[in-house]
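Peer 1: When you get a sec, could you give me coordinates for this:
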Amino acid sequence: MSILKVDTLQPATGARVSSAGHIIQVVQYADATNYTTSSTSAVQASQTGTFTLTNSSNKVLVTVNCLARAARSSAAGVRLAIYRGSIASGTKITSGTEPQIYTTDSGTEQYSMNTLQFLDTPSAASTTYSLGFYKHSSSGDVTIYGGFFNTIIMMQEVAV
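Peer 2: I've put the predicted structure just below:
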C-alpha cells in the first residue's frame, strides 16, 4: 500500500483549480412518524432540524425518500413536494402538481416508494426542509408511512 502526502497542490500553468461542486457536509434526518390526510392542499409531513451552511452562497442538494399510500375512491393518488421551511410559511421548491402515485385500477389502495430531489439555493446561513403531501381529488385518504419505512431527508451542502 502506498501513501501520498502533499503539502500544496499547484495547478499547471494556465490551469484552474476549483472547489466548486464538491460536497462540504451531509446531514440526514429520519422520521418514523405516519402522517395521514384527506386534504387536496399540501399538509406538513416530515420536517428537518436546522441545517447550517458553512457558506450562505452555497447550494443544498435535498433528497427525500418516503413510502406513500393512497386509498382508492374513484382513483388513488398522492402528490408530494419539497419545501424550504415549513409547509405553512415556507417556499415550495419542487415543481409540478401531478401525482407521483396514481392508479385507476380496481384495487383498494396503492403503495409506492418515492424519491424527490432538488438542488436548492437557500441564500441563507441556515434553513430547514419539509415534505408536503396531499391527495389527488379522486383519491381517498393518503398516508406517508414513516413507521413502515422511515422518511429520510438528506441535505448535502454543495460548494459554488
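Peer 1: lowest-pLDDT helix or strand in this protein?
Peer 2: strand 101-103 (a mean of 82; mean pLDDT, DSSP states H and E).
Peer 1: hmm, who's touching it?
Peer 2: 68, 70, 72, 75-78, 110-112, 114, 136 (Cβ atoms under 8 Å, 6 or more residues apart in numbering). Where you see a C-beta, it was placed from the backbone N, CA and C, and this is true even at glycine.
Peer 1: Mind doing that once more with 6 Å?
Peer 2: Contact partners of strand 101-103, identified using Cβ atoms under 6 Å, 6 or more residues apart in numbering, comprise 68, 70, 76-78, 110, 112.
Peer 1: can I have the following helix or strand past that strand written out in CSV, keeping just the CAs?
Peer 2: Next helix or strand after strand 101-103 toward the C-terminus (DSSP states H and E): strand 109-120. Coordinates of the C-alpha atoms in strand 109-120 are reproduced here as CSV (Å, rounded to 0.1, in the frame of the first residue of the first chain):
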residue,chain,number,x,y,z
GLU,A,109,-55.0,1.1,-2.3
GLN,A,110,-51.7,2.0,-3.9
TYR,A,111,-48.3,2.0,-2.2
SER,A,112,-45.1,3.5,-3.7
MET,A,113,-41.6,4.2,-2.7
ASN,A,114,-40.8,7.8,-3.8
THR,A,115,-37.6,9.8,-4.2
LEU,A,116,-37.7,13.6,-4.7
GLN,A,117,-34.5,15.6,-5.3
PHE,A,118,-33.8,19.3,-5.8
LEU,A,119,-30.7,21.5,-5.9
ASP,A,120,-31.7,24.5,-3.8
